[in-house]
Each structure stands twice: as C-alpha cells, then as structure tokens.
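**Student:** Fold the following and give me the result.
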Amino acid sequence: MITSYITIIVGIVAVIAALSTVLQKNPVYSAVSLIVVMVALAVNYLLLNAEFIAVIQLIVYAGAIMVLFVFVIMLLNLGEVKKYKIEATSGRIAGAILTGLFFLQLVVAGFNVTANVPGIERFFIDTKGLDNTKIIGHALFSDYLLPFEVVSIVLIVGIIGAVVLGKKKE
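**Tutor:** This next block holds a predicted model:
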C-alpha cells in the first residue's frame with residue numbers, strides 16, 4: 001500500500017522534473033532537472049524490485065552521461081540566453097493538438113493494459129530461483145545474444161565516428 005503512494009509521488013516528481021528539463025532556459029538547470037528525472041526513475045525501479053536496473057540507471061545515466069552533458073555545456077560556453085517571443089503559428093497549433101491526442105492515446109492504452117503476455121509462464125519457470133542480475137545475464141547471453149552483440153558493434157562504430165570527427169586537421 002505504501003509503495004503505491006511512493007510510486008505515485010516519485011512519478012509526479014519525475015514528470016515535473018521532465019517538464020522542467022524541457023522548459024528551462026538555462027541548460028545547466030535543464031541538466032540538473034534531467035538528473036532528478038533519472039534518480040526518480042531509479043527509485044521506481046527499486047520499488048519494482050529491479051535493483052540491477054536501478055543501479056545501472058544511476059551509474060550510466062545520472063552519472064556518466066550527465067557528466068558528459070554538463071561538460072559539453074561548459075565547453076560550449078553558451079553565455080547569456082537570448083529571449084524570444086513564441087508565436088502561435090499553424091504548425092505549432094497542429095503540433096500541440098497532435099501532442100494532446102498522443103497523450104490521450106497513451107492514457108487510454110494505459111487503462112487497457114492486460115497482464116496476458118504470451119509465453120510469460122515459460123519465462124517464470126525458466127528463471128525460478130534466480131535473482132535479477134542472473135535473469136538479465138541469462139536473457140542477454142542466451143535468447144538475445146545476437147541483438148546484444150549488434151548493439152556493441154553499433155556503439156563501437158559510434159565511438160570511432162566521434163574520434164574521426166573530433167580529430168583536428170593537420
């Protein structure tokens with residue numbers, strides 16, 4: 001019962017921080033708001049008994065990626081933020097309407113979610129007695145080995161591309 005209330009509170013904090021991330025004019029405040037979102041997501045993962053995912057959320061996203069993001073902000077030295085007036089054009093009005101419809105679709109889909117996932121019984125039988133980390137390792141290195149390796153190759157290609165683009169011309 002108490003976990004339901006904590007989940008709702010942490011979810012509200014995550015949504016408010018996500019809105020703050022998008023609406024902040026100062027990029028450093030936006031980065032701090034994004035860190036709050038990542039921490040709130042990690043707390044939600046803890047409440048779902050997914051400790052491994054919660055720790056990875058904190059280490060990878062709130063730690064490494066946000067430090068890199070703040071480093072890039074400081075490297076760019078943005079200075080004073082220019083103020084501009086937002087005008088209500090037809091494209092922005094259409095975008096707002098489509099965003100509202102998408103949100104409504106998410107709400108309706110959230111109410112229609114069922115727990116009848118095909119094959120879920122086999123998963124529970126195969127993973128009985130294992131903790132979260134062993135379940136994730138078993139899934140990654142048995143059923144999802146090829147996608148796991150493809151993602152690692154894509155990440156290596158991205159790193160090589162970043163090094164090539166960042167290299168100074170001689």
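**Student:** Near G63, how many other residues are there?
**Tutor:** Neighbour count for G63, taken as other Cβ atoms under 10 Å: 14. (C-beta placed from N, C-alpha, C; glycine too.)
**Student:** hmm, who's touching stretch 142-158?
**Tutor:** Applying Cβ atoms under 8 Å, 6 or more residues apart in numbering, the contact partners of stretch 142-158 are L140, F141.
**Student:** Centre-most residue in this protein?
**Tutor:** Centroid-nearest residue in the chain, with Cα atoms, centre = their mean: M38, separated by 7.1 Å.
**Student:** Restrict stretch 10-26 to CA atoms and write it as CSV.
**Tutor:** Below are the C-alpha coordinates for stretch 10-26, written out as CSV (Å, rounded to 0.1, in the frame of the first residue of the first chain):
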residue,chain,number,x,y,z
VAL,A,10,8.1,9.6,-7.4
GLY,A,11,6.2,9.5,-10.7
ILE,A,12,4.8,13.0,-10.2
VAL,A,13,8.3,14.2,-9.3
ALA,A,14,9.7,12.6,-12.5
VAL,A,15,7.0,14.2,-14.7
ILE,A,16,7.6,17.7,-13.1
ALA,A,17,11.4,17.4,-13.5
ALA,A,18,10.9,16.2,-17.1
LEU,A,19,8.8,19.3,-17.8
SER,A,20,11.4,21.4,-16.1
THR,A,21,14.1,19.8,-18.3
VAL,A,22,12.3,20.9,-21.4
LEU,A,23,11.1,24.3,-20.3
GLN,A,24,14.3,25.6,-18.6
LYS,A,25,16.1,28.4,-20.4
ASN,A,26,19.4,27.7,-18.7
